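Enquirer: Next one to model:
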Amino acid sequence: MVPGGGKGDPADGALLALVAEATTKEVPAAFGELALSQAIEAWIQAVFACNQYIDAQAPWALRKTDPERMAAVLATLCLAIRDLAIAIQPVIPDASARLLDQLGIPVDARDFDGLGAGPNFTLAAPSPIFPKLDMPADD
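Expert: Model (predicted):
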């Protein structure tokens, strides 16, 4: 189950607002104009924001020092990842579906209307979304 509650921080709301702007406004608008590179650029900027958030919040360290804060960080990330997976479905539908399956998001909630919903989903055991790439050795 996704951790609920926890000790919130303004950084949580800032990340979710940035992801919401990208997933509910920028990405759909660009897709509507068939500007796929602009849609993907807006999406990837939100992904980068998630990476910065997790680096700054360091939930692995919070586990020992502030478990309530860790719960809020993980819940925030789950919500952001869910919305990002929904938004990028037109580009990578199979990978998005596998990720949303792991998040326990029902098929009928995997559209733009499902963005921003509360954290009512259950996490499945993680498994790879993309196959591992084996790079050839330089000879």
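
Enquirer: surely residue 38 meets residue 32?
Expert: No: look at residue 38 against residue 32 with Cβ atoms under 8 Å: they stay out of range, at 10.8 Å. No exception for glycine: its C-beta is placed from N, CA and C like everyone else's.

Enquirer: which of those two has more neighbours?
Expert: For residue 38 versus residue 32, the count of surrounding residues by other Cβ atoms under 10 Å is larger for residue 38: 15 against 9.

Enquirer: Please identify the helix or strand for that one.
Expert: helix 36-57 (DSSP states H and E).

Enquirer: ok, and what's touching that helix?
Expert: 9, 11, 15, 18-19, 22-23, 26-28, 30-31, 69, 73, 76-77, 80-81, 84, 87-88, 91 (Cβ atoms under 8 Å, 6 or more residues apart in numbering).

Enquirer: Quick check on these: which are buried?
Expert: For these, a burial check counting by 16 or more other Cβ atoms under 10 Å picks out 15, 18-19, 22-23, 26-28, 30-31, 69, 73, 76-77, 80-81, 84, 87-88.

Enquirer: Out of those residues, which sit inside helices?
Expert: Members of the buried ones among the contacts of helix 36-57 lying in helices (criterion: DSSP state H): 15, 18-19, 27-28, 30-31, 69, 73, 76-77, 80-81, 84, 87.

Enquirer: Specify which member of these is nearest to residue 60.
Expert: Closest approach between those and residue 60, by Cβ to Cβ: residue 73, at 10.0 Å.

Enquirer: follow-up on the earlier one: of all the ones in helices among the buried ones among the contacts of helix 36-57, which two lie farthest apart?
Expert: Largest separation among these by Cβ to Cβ: 31 and 69, giving 35.6 Å.

Enquirer: Cool, thanks, talk later.
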